[in-house]
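**Q** I would like the atomic coordinates for the input below:
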Amino acid sequence: MYLMKKKAQIVGMAVAMLGTTLLMVAGGCSSRQRDDQAGTPAGTEEQPAAISGTVKYMDLEGGFYGIVTDDGQKLDPVNLPNAFKQDGLRVKARIETLEGQVSVRMWGTLVRIIDIQRAQ
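**A** Below is the predicted model of the structure:
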């Protein structure tokens, strides 16, 4: 009887720990983030963000161009025009963050460029 009671306690604790773990994982996987979080561009489809930064060629995953903003954010644009694919090019752009999407590159925040121009 004592062993059955002990086994039930252990199973109950395991179920509680599993439930807690699942809640923590589900909470951490939320795609919604506050706009004021450090390192997260604020642009959305409704309100694009204005950024300025430098185009960087990254020799990862076959090579790609990203943008490092003046405040250090790494942006992975899905539609950077060929004319702007120049390492070291200074740019100004309006972007929207692509929430809930991921890239195999795992570098920076995925964004869509609404408009872009060379910066002086």
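
**Q** Domain ranges for the protein, per the record?
**A** Annotated domains of the chain cover 1-30, 49-118 [automatic domain parsing].

**Q** just the ones you listed: most buried one?
**A** For the domains of the chain, the largest average neighbour count (mean count of other Cβ atoms under 10 Å) is found in domain 49-118, namely a mean of 15. Heads up, the C-betas are built off the backbone N, CA and C, glycines and all.

**Q** Ala119 contacts Val55, doesn't it?
**A** No: using Cβ atoms under 8 Å, Ala119 makes no contact with Val55, being 10.3 Å away.

**Q** residues shared between the contacts of these two?
**A** Shared contacts of Ala119 and Val55, defined by Cβ atoms under 8 Å, 6 or more residues apart in numbering, comprise Arg90, Val91.

**Q** weakest of the domains of the chain in terms of mean pLDDT?
**A** Among those, domain 1-30 has the lowest mean pLDDT, at a mean of 64.

**Q** what are the ranges of the strands in the chain?
**A** 49-58, 64-69, 74-77, 90-97, 109-118 (DSSP state E).

**Q** wouldn't Gly88 be in contact with Thr54 here?
**A** Yes: using Cβ under 8 Å, Gly88 is in contact with Thr54, at 6.3 Å.

**Q** picking up where we left off before, between the strands of the chain, which gets nearest to Gly12?
**A** Closest of the strands of the chain to Gly12 is strand 109-118, at 41.7 Å (criterion: Cβ to Cβ).

**Q** Run through the neighbouring helices and strands of that closest one.
**A** Other helices and strands packing on strand 109-118, by 3 or more Cβ pairs under 8 Å, 6 or more residues apart in numbering; DSSP states H and E, are strand 74-77, strand 90-97.
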